[in-house]
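# next comes the sequence, and after it the predicted model I'd like to discuss.
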Amino acid sequence: MAFWSDEQLASIDRMLNPRSIAVVGATPRMQYGGRFLAAAMGSADQGVNVYPVNPRYEEVQGVQCYPSVSALPEAPDVVGVVVPYHAVLDTLRESHEKGAKSAIVISAGFAERAVDDRRDLQGELGRFARESGMRVSGPNCLGLANLKDDIWASASSRGASGLSGPIGLVCQSGASAFGPFMTRAVDEGIGFTYIVSTGNEADLDFCDFARYLLDDDDTRVIAGFVEGFKDGRKFLEVARLAAERGKPIVLIKIGRSDLGSRAAGSHTAALTGVDEAYEAAFAQYGVIRVQDYDDLLQVSNLMARCPRPSKRGVAVVSHSGGISSLTADMFGQAGLDLPPLSERAQDGINGILKGFGWAANPSDVTGFANSDEFPAIMSYMAEDEGVGTLVVASAGADPQATQVIAQRDASGMPVAFLWTGTRGAQSGLPMLRQAGIPVFYVPDKLAAGVRYLNDYHDWRERRLARGFAQAGEITDEQAGAAKALEGSGALSEYDSKALVRAFGVPTTREEVAADAESVVAAAERIGYPVALKVNSADILHKTEAGGIRLGLGDAEAVRNAFGDVTANARAFDANARIDGTVVQEMVSGGVETIVGVSYDAQLGPILLFGTGGVMVEVYNDVALRLCPITREDALEMIDEVKGARLLSGFRGAPVADVDALADVLVNVSQMAVQLEGSLGELDINPLMVLPKGQGVKAADALVVGTA
C-alpha cells in the first residue's frame, strides 16, 4: 500500500518551506490571528512574502491588508486560516481556487467538541484536502516553525530564534510543541529543524510529517508527542522506513494506563491491551518510547549527536566518588556495563593522581577534573578495551568543557555529560551545549539515554540483516480449511484444531464420538491414557463447564467420564450445541505454553506467546509481536517470557524443542495475516513443547471467527 504520493510530500514541503504566507483572519489584536501574522512577519527578513487577509482592515500591523485570498497578488505557498469554524471550508475552497499549495487551520470547534455535526464538518475538511491536493494541517492546531530558516507560521504566543538543530519535532498538541518542548529546548540549547503541531489531523497527521522529515537531510531524529494514531499501519511503515534510513523515532505516546480493556472470548484477546500492542509495535520497529518532556528532548539530542558506540561498555569519570558511584549504580540498573580498567589505564591514571582519588571505572579524579591532566585521564578511560561511550560527570568551567569537546572530536566516540551544577551556569555548560555535547542533569535519565543509544543501534543492525517479515501466499489446502470460518463465530475444539493444523501447527491425535461405545472404541485406537472433552462451539471454556476429564486409563473410566462430561455440559448451557465428545491422546513430558492471535483495529494481527494453562491469567507472563514475524522475532519472544526458563531444562528437566516452538510462532503469525478479516481470535492453550527433537503439540485450541 502506498501511503504517500509525491504531490502530498510536495505540498508539505511548501508548508514547511514557504516563500509566501497568507494569514486569513489577521487582526491588530494579539490573539490567534494577530499572533500568526506577527510571527509570519518575522519571516519577512528571510525573503518570505506575508499577506494579511481581512475585509475589515486596509492595513494590519503596518502591512497592506487584502479583503480576500482571491485579491492577493500571488498564490501563497501556505494559508494560515484563523476564522470561525463555519467559515473554514469556504476559505479553503477560495484558497485552492487561487492556487495555494497548502493550509494551516488554526481554527477550533471541530471534532474536539464531540458533537456529530462538528465531526462531520472536520471530515469534510479532510476530504476536500485530499481531493483538491491542497493539503491541510489542523484544525485546532498552533501551526509550525521552520527553525533552519527562521520561518514561523504559528499562532503561538511564544517564539524563539537561534534554535536550529538536528531534531524534527511533531506534536498533536500545539500547546505542548510551543510550550514545554520549545521553552525547555531554549533553556537547554537543544535545536530543531522543524516544529509541527498537527491538532485534530483532519488531513495530514503525525505520520505524514514524519515521512517528510525522513527525506530532510538536516533532520537526524524525529521526536513526537502523540495521543493516538489515525492509521496504525501507516505509522508502522514510517517506522520501517526510519529504520532503513537510520533516523531514530523518539516518542511520547499517551495511553499507558489501562483504561480501554475489553472483554473477549479468548485468553489472548483479554490479555492483549491496547497499550501493550503499541509497546510491542515500538519494540519490533525500533521506536524509542520515553516518559516526559525532558526525556524526549534529551534522548533525542543524544541520539542525534552521538554515533553508534563501538562497544556497549561505558566509562564514567567524575570529580566526586559519590557522584561516580550513584552514576555507576544507575547504569547498572539500566543493564549497562562499566568494565574494569586495564592495568595500562589504571597505571596511567594513578601516575597522574599520585595517591588521590582512585583509578577505576567509575573513576574519582578529585581536583584533577579541572586540570591540564584531565585530557590524559579521559583518554586512558576512553581508549580502554571494552569501552564504547565516555561519560563525564562534573560542573567545570570553560577550560574543562574545551577538553571534553576535544576528547569527543579526537575519539569520534559518544561522549555525554552529567552536569552537576546549576542549569543556569554561564561557564562550561553553554559551551558544551553549543558544541553538541549531550547534557543530562540526573544520572538515571543519562543511563536510560545511553541504554537507548546502544539498544537502538544493536536492534537496527539485526533488523537490517534479517529484514521485516513478509506474509506468504495462502495455499489451496489452507484456503479450504479456512472455509470453516464462513458465517461462523467460534469453532469447536475439534474444528479449531483442524484449521490450525492446515497452517503448520501440530496437534494431538484425537477423534470425535457421539455415544459411550464409540468413545471407548476411539480410546482403544488412540491408546490409554486419554482425555475426554465436550465438543461444542458454544462452550468456550470447557473447564468451567465441567466438560473435560483427563488421564482416563481404561474403558470403564472413559465410559463413566462420557456421561459426566455430557451431563455437565448440558447443565452448564442447556441451549449449547454439543457435537459429540473429543477423545484425545494425553501428552506428558512437555512444557505448557500459550500461543494466540488477536486483532487491533489500528495495528492489525497481534501474536501472543506466554506460559500456558490458567497461570497465564494470573501472571500475565506474555510477549507480543505484530504479525507476521521472522524466526529471529520468534526466538526473541520466547526469551522475553520469564516462564520460558522451563524450556531450557529447568531443575534437571529435559531441554525443550524451542526450534519447533519457533516454527509454530512463525506459522501462526502467517496464518493471522492470511486470515485477517475472517479470523477474529485464536487461542492454542496449552501448546505442549516436548523434549528437544520431539516437536510440539496443541492440546487445546479455540478459533473465533469474525461473523
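All right, it came through fine. Residues are numbered from 1 along each chain as shown.
# report the buried residues of the longest helix along the chain.
When the chain is parsed with DSSP state H, its longest helix is helix 443-466. By 16 or more other CB atoms under 10 Å, the buried positions in helix 443-466 come out as 443, 445-457, 459-460, 463. No exception for glycine: its C-beta is placed from N, CA and C like everyone else's.
# name the nearest residue to Gln584, ignoring sequence neighbours.
Closest residue to Gln584 apart from its sequence neighbours, by CB to CB, 6 or more residues apart in numbering: Glu510 at 4.0 Å.
# pretty sure that neighbour sits against Met586.
No - under the criterion of CB atoms under 8 Å, Glu510 makes no contact with Met586, lying 10.7 Å away.
# pick out the residue nearest the middle of this protein.
Phe282 (2.5 Å; CA atoms, centre = their mean).
# quick one: pLDDT of it?
Listed pLDDT for Phe282 reads 96.
# wasn't it part of a helix?
Yes - counting by DSSP: H, G, I helix; E, B strand; the rest coil, Phe282 is found in a helix.
# use 775 as the first number from now on
Noted, 775 is the first residue going forward, which turns the last one into Phe1056.
# contacting residues for it?
Counting by CB atoms under 8 Å, 6 or more residues apart in numbering, Phe1056 touches Leu1025, Lys1027, Ile1062, Arg1063.
# related to what we said a few turns ago, and the residue nearest to Gln1358, how many neighbours?
By other CB atoms under 10 Å, 19 other residues sit near Glu1284.
# in stretch 881-890, what counts as buried?
Buried-residue list, stretch 881-890, by 16+ other CB under 10 Å: Ser881, Ala882, Gly883, Phe884, Ala885.
# tell me how far stretch 1341-1352 lies from the chain's centre.
44 Å (CA atoms, centre = their mean, to the nearest Å).
# what's the answer for stretch 788-804, then?
For stretch 788-804 - counting by CA atoms, centre = their mean - the centre lies 34 Å from the chain centre.
# and that stretch, what's its mean pLDDT?
Averaged across stretch 788-804, the pLDDT comes to 97.
# stretch 1141-1156 too?
Here the average pLDDT along stretch 1141-1156 is 95.
# okay, it in CSV with CA atoms only?
C-alpha atoms of stretch 1141-1156 as CSV (Å, rounded to 0.1, in the frame of the first residue of the first chain):
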residue,chain,number,x,y,z
GLY,A,1141,40.7,18.1,41.7
PHE,A,1142,42.3,16.7,38.5
ALA,A,1143,38.9,17.0,36.8
ASN,A,1144,39.8,20.7,36.4
SER,A,1145,43.4,20.4,35.5
ASP,A,1146,45.7,20.1,32.5
GLU,A,1147,46.0,16.4,33.2
PHE,A,1148,42.3,15.7,32.7
PRO,A,1149,42.5,15.1,28.9
ALA,A,1150,45.0,12.3,29.6
ILE,A,1151,42.7,10.7,32.2
MET,A,1152,39.8,10.8,29.7
SER,A,1153,41.9,9.3,27.0
TYR,A,1154,43.0,6.4,29.2
MET,A,1155,39.4,5.6,30.0
ALA,A,1156,38.0,6.1,26.5
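# which outside residues touch it?
1089, 1091-1093, 1115, 1118-1119, 1122-1123, 1126-1127, 1130-1131, 1135, 1137, 1139, 1161, 1164, 1166, 1168, 1170-1171, 1173-1174, 1177-1178, 1180-1181, 1185, 1187, 1189.
# which of the residues you listed fall in strands?
Using DSSP state E, the members of the contacts of stretch 1141-1156 that fall in strands are Ala1089, Val1091, Ser1092, Ser1137, Val1161, Leu1164, Val1166, Ser1168, Val1189.
# Lys1004 - that's part of a strand, no?
No - going by three-state DSSP, the assignment for Lys1004 is coil, not a strand.
# what sits against it?
Counting by CB under 8 Å, 6+ apart, the residues that Lys1004 touches are Glu975, Asp979, Cys981.
# hang on, Pro1212 packs against Val995?
No - using CB under 8 Å, Pro1212 is not in contact with Val995; the gap is 11.5 Å.
# common neighbours of those two, please.
Asn1075.
# end to end, how far does stretch 875-892 reach?
25 Å (CA to CA, to the nearest Å).
# ramachandran coordinates for Asp1433?
phi -60, psi -40 (degrees, to the nearest 10).
# give me the neighbour count for it.
By other CB under 10 Å, neighbour count at Asp1433 equals 14.
# ok, now the one 10 residues further on?
Using other CB under 10 Å, Ser1443 is surrounded by 27 other residues.
# what strand or helix carries it?
helix 1432-1448 (DSSP states H and E).
# let me know the angle separating the helix or strand following that helix from helix 1432-1448.
Next along the chain after helix 1432-1448, taking DSSP H and E as the criterion, comes strand 1453-1463. Inter-element angle recorded for strand 1453-1463 and helix 1432-1448: 170 degrees (by axes from the mean of the first three to the mean of the last three CA atoms, to 10 degrees).
# strand 1453-1463 - contacts with which helices or strands?
helix 1041-1045, helix 1267-1276, strand 1365-1374, helix 1432-1448, strand 1470-1472, strand 1475-1479 (3 or more CB pairs under 8 Å, 6 or more residues apart in numbering; DSSP states H and E).
# pull the contacting residues for the residue nearest to Gln1358.
Here Glu1284 is in contact with Tyr1268, Lys1271, Ile1300, Val1356, Val1357, Gln1358, Glu1359 (CB under 8 Å, 6+ apart).
# check the third one and give its pLDDT.
Each residue has a pLDDT score; the one for Ile1300 is 97.
# the fourth one now?
Per-residue pLDDT puts Val1356 at 95.
# and what of Thr1042?
On the pLDDT scale, Thr1042 gets 45.
# again, but for the one 10 residues further on
Per-residue confidence for Tyr1052 comes out at a pLDDT of 92.
# near Arg1351, how many other residues are there?
If we define neighbours as other CB under 10 Å, then Arg1351 has 11 of them.
# ditto for Asp977
What Asp977 shows, counting by other CB under 10 Å, is a neighbour count of 26.
# secondary structure class for it?
Three-state call for Asp977 (three-state DSSP): coil.
# how near is it to Gly998?
18 Å (CB to CB, to the nearest Å).
# how far off centre is the helix holding Ser1443?
23 Å.
# just stretch 1338-1352 next, same as before
45 Å.
# again with stretch 1007-1024
The answer for stretch 1007-1024 is 10 Å, by CA atoms, centre = their mean.
# please apply the same query to stretch 1356-1375.
On CA atoms, centre = their mean, the centre of stretch 1356-1375 falls 29 Å from the chain's centre.
# sounds good, over and out.
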